[in-house]
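# Just need the structure, nothing else, for what follows:
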Amino acid sequence: MRPTLKVLEQSLLERIVDEAFVVLEKSGVFIEDPHALERLAKVGLRADPETHRVTYPRVLVEKALADAPSSLTLHDRDGNPARVLE
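Predicted structure coming up:
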């Protein structure tokens, strides 16, 4: 059994996540690399070449989070498993 640490109430945690979605959707993220900015625009994100900001619709971020693996194995330079991130 893994120990758990509860620092925030569930309602506060949900509010923080919701505010993060709002920031991504309204303010966006500053992308300095013009090639990355162009690629993100090509896949349908709203990318402003003047401000270098990309905004991420909430539904897209939610889908990406749902599709992301629950764990990830890091390997050493020889290809052997070194750590599992969960």
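
# C-alpha from now on. contacts and neighbour counts both.
Noted.

# In terms of secondary structure, what does the helix or strand harbouring A36 contact?
A36 is located in helix 34-42, with elements delineated by DSSP states H and E. Counting contacts by 3 or more CA pairs under 8 Å, 6 or more residues apart in numbering; DSSP states H and E, helix 34-42 packs against strand 46-48.

# Tell me which residues are up against the strand it packs on.
L37, E38, L40, A41, R53, V54, T55, Y56 (CA atoms under 8 Å, 6 or more residues apart in numbering).

# show me the residues around the second one that make contact.
What it means is E38. Contact analysis of E38 by CA under 8 Å, 6+ apart lists A47.

# re the thing from before, give me the buried subset of the contacts of strand 46-48.
L37, E38, L40, A41, R53, V54, T55, Y56 (16 or more other CA atoms under 10 Å).

# Model confidence score at the third one, please.
Predicted confidence (pLDDT) at L40: the value is 97.

# ok, the residue lying closest to it once chain neighbours are set aside - how many residues close by?
Spatial nearest neighbour of L40, chain neighbours left out: A47 (6.9 Å); criterion: CA to CA, 6 or more residues apart in numbering. Neighbour count for A47, taken as other CA atoms under 10 Å: 23.

# And A47, how close does it get to A64?
18 Å (CA to CA, to the nearest Å).

# starting at the chain centroid, how far to the helix holding A36?
17 Å (CA atoms, centre = their mean, to the nearest Å).

# Use 18 as the first number from now on
Right, with 18 as the first residue, what we last looked at is helix 51-59.

# CA atoms only for that helix - export them in CSV, please.
Output of helix 51-59 as CSV, limited to C-alpha atoms (Å, rounded to 0.1, in the frame of the first residue of the first chain):
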residue,chain,number,x,y,z
PRO,A,51,8.7,30.2,-34.6
HIS,A,52,8.8,26.6,-36.0
ALA,A,53,7.0,25.2,-33.0
LEU,A,54,4.5,28.1,-33.2
GLU,A,55,3.9,27.3,-36.9
ARG,A,56,3.5,23.6,-36.2
LEU,A,57,0.9,24.2,-33.5
ALA,A,58,-1.0,26.5,-35.8
LYS,A,59,-1.0,23.8,-38.5
